[in-house]
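Chemist: Fold the following for me, if possible:
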Amino acid sequence: MSPIAPPTDRRTLLRAGTGAALTAALGTACTSPSVRSGTATPAGPADGTGTTPPTRPGPDAGLADGTGTTTPTHPATPSGPDGMTGTGGTPTDAGSTGGAASPYGTNPYGTHPDRTNGTAGPGTPGGSTRTRSAPAPRRFPGHPAQIEHGPRNRPAVALTFHGQGDPAIARTLLAQAERAGARVTVLAVGSWLDEHPAMARRILDGGHDLGNHTQRHLTVSDMTDAEALREITDCAARLRRLTGSIGTWFRPSRTQFATPRIQRLAHRAGYPHVLSYDVDSLDFTSPGATAVTRKVAGEIRNGSVVSLHFGYADTVAALPALLDDLHRRGLRAVTTTELLTP
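Modeler: As a prediction, this is how the structure comes out:
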């Protein structure tokens with residue numbers, strides 16, 4: 001579910017030799033029927049501007065869990081920064097395969113980005129682009145702690161993107177959705193926000209949901225409580241610094257479903273729900289745009305939550321056709337918050 005590498009260790013997010021494919025995909029996206037209609041969407045602000053915060057713009061300790069205790073510091077990580085403290089948000093109450101021959105290709109994680117071990121090193125922190133506070137996490141009565149889908153009796157779906165990768169691809173995908181009148185949910189990796197802080201405001205200004213996908217996109221379920229909580233709260237601190245909120249959703253890294261322990265830690269960090277999904281696009285395998293569209297179209301239905309990724313050319317090429325298919329079927333692509341709101 002989500003790719004990135006720091007500037008000092010830049011790896012292509014696409015298969016070797018497919019730089020031309022990305023260029024072609026971006027060109028196709030800009031000339032497809034879904035994209036030609038409507039007015040152009042301004043590009044997001046330049047990334048990396050602003051003053052440089054302390055070495056690690058994240059918490060030294062976990063968020064208070066109601067007992068007044070905090071979490072021990074995260075074990076040292078090679079080349080990983082350490083530093084300042086931060087806090088998370090408080091939830092508020094509200095109403096409720098197609099694969100290629102080499103299925104994991106040149107995915108920078110080596111395998112499924114949300115199911116196996118790997119590293120995605122922290123980025124270079126950037127300055128805050130915060131202008132106004134973003135929505136805080138909401139509790140949705142009647143919905144479980146772990147949400148896989150929304151109501152099946154309404155013609156709406158949530159397209160959710162794992163937020164890592166080339167910000168140019170991310171901006172293209174956001175613009176495609178906006179031109180089609182769609183709104184999406186982005187679960188951002190904290191190290192990606194360190195490298196591209198302006199993306200947080202770009203996502204929110206487009207009317208989309210923004211959430212937490214851990215700080216470094218490691219296998220959070222294999223960590224100790226202290227380590228896992230630190231992964232959650234570090235990303236929450238980035239989101240709070242950039243937007244005034246810890247983000248509306250939390251999705252664990254490298255797993256489709258959070259264990260009860262991770263659910264408990266997420267709740268402790270301020271997230272009443274963990275966001276899973278019931279449709280996996282498998283776009284991270286780079287199977288081709290047609291395969292991505294076919295996979296999603298064949299499984300999506302009322303209330304579905306779809307897993308997609310920033311950073312892949314196939315997703316850019318597939319999204320216009322996918323949005324057209326949803327329109328023909330009378331399905332609206334909305335934020336997860338809207339999907340669950342009565």
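Chemist: so what strands line up beside the longest strand along the chain?
Modeler: Longest among the strand segments of the chain by residue count, using DSSP state E, is strand 156-163. Paired strands of strand 156-163, with direction, are strand 185-188 (parallel), strand 305-309 (parallel), strand 332-333 (parallel) (DSSP bridges).
Chemist: Compare those and give me the one nearest residue 248.
Modeler: For residue 248, the closest of the strands paired with strand 156-163 is strand 185-188, at 8.0 Å, according to CB to CB. In this view, the C-beta of every residue, glycine as well, is placed from N, C-alpha and C.
Chemist: what about the stretch 51-200 of the chain, any weak spots by pLDDT?
Modeler: 51-132 (pLDDT under 70).
Chemist: ok so, going back, how about the CA coordinates for the longest strand of the chain, as CSV?
Modeler: Presented in CSV, the C-alpha positions along strand 156-163 are these (Å, rounded to 0.1, in the frame of the first residue of the first chain):
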residue,chain,number,x,y,z
ALA,A,156,-21.4,5.7,-2.1
VAL,A,157,-17.8,4.3,-1.8
ALA,A,158,-14.5,5.5,-0.3
LEU,A,159,-11.3,5.5,-2.4
THR,A,160,-8.4,5.5,0.0
PHE,A,161,-4.8,6.1,-0.9
HIS,A,162,-1.7,5.1,1.0
GLY,A,163,0.3,8.4,1.0
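Chemist: Now do the same contact list for residue 212.
Modeler: By CB atoms under 8 Å, 6 or more residues apart in numbering, the residues touching residue 212 are 187-188, 190, 232, 235-236, 239, 246-247, 249-251, 271.
Chemist: Output those in TSV; the columns should cover distance to residue 342, secondary structure and neighbour count.
Modeler: Formatted as TSV, those follow (distance: CB to CB, whole Å; DSSP: H, G, I helix; E, B strand; the rest coil; neighbours: other CB atoms under 10 Å):
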residue	distance to residue 342	secondary structure	neighbour count
187	23	strand	28
188	27	strand	29
190	32	helix	28
232	28	helix	31
235	29	helix	32
236	27	helix	32
239	26	helix	25
246	24	coil	31
247	22	coil	31
249	18	coil	27
250	22	strand	29
251	23	coil	29
271	21	coil	29
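Chemist: right, and out of those residues, which lies closest to residue 314?
Modeler: residue 187 (19.2 Å).
Chemist: So what pairs up with the closest one in the strands?
Modeler: residue 162, residue 211.
Chemist: rewinding a little: what are the buried residues along the longest strand of the chain?
Modeler: For strand 156-163, the neighbour count (16 or more other CB atoms under 10 Å) marks 156, 157, 158, 159, 160, 161, 162, 163 as buried.
Chemist: Need the max-distance pair from those.
Modeler: Longest span within the buried residues of strand 156-163, CB to CB: 156 and 163, 21.8 Å.
Chemist: can you map out the helices along the stretch 151-300 of the chain?
Modeler: According to DSSP state H, counting those that start in this stretch, the stretch 151-300 of the chain carries its helices in the segments 167-179, 190-195, 198-205, 225-243, 260-269, 289-299.
Chemist: hey, which of those is tucked in deepest?
Modeler: helix 190-195 (a mean of 27; mean count of other CB atoms under 10 Å).
Chemist: In terms of secondary structure, what does it contact?
Modeler: Using 3 or more CB pairs under 8 Å, 6 or more residues apart in numbering; DSSP states H and E, the elements in contact with helix 190-195 are helix 198-205, helix 225-243.
Chemist: ok, residue 268 touching residue 229?
Modeler: Yes. Counting by CB atoms under 8 Å, residue 268 sits close enough to residue 229 to count as a contact (6.8 Å).
Chemist: separation between residue 223 and residue 324?
Modeler: Distance from residue 223 to residue 324, counting by CB to CB, to the nearest Å: 41 Å.
Chemist: Relative to residue 338, which of the helices of the stretch 151-300 of the chain is closest?
Modeler: It's helix 167-179; of those, that one is closest to residue 338 (CB to CB) at 13.5 Å.
Chemist: returning to what we had before: any chance of the contacts of residue 212 in CSV, plus distance to residue 210?
Modeler: Below are the contacts of residue 212 laid out as CSV (distance: CB to CB, whole Å):
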residue, distance to residue 210
187, 8
188, 6
190, 12
232, 15
235, 11
236, 12
239, 7
246, 10
247, 5
249, 8
250, 11
251, 12
271, 13
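Chemist: Let me know the closest of those residues to residue 150.
Modeler: Of the contacts of residue 212, the one sitting nearest to residue 150 (CB to CB) turns out to be residue 249, at 12.7 Å.
Chemist: Hmm, that closest one is touching residue 208, no?
Modeler: No. Under the criterion of CB under 8 Å, residue 249 makes no contact with residue 208, lying 11.3 Å away.
Chemist: Kindly point out which residues are neighbours of both of these two.
Modeler: residue 185.
Chemist: one step back: out of the helices and strands packed on helix 190-195, which is closest to residue 133?
Modeler: helix 225-243 (6.9 Å).
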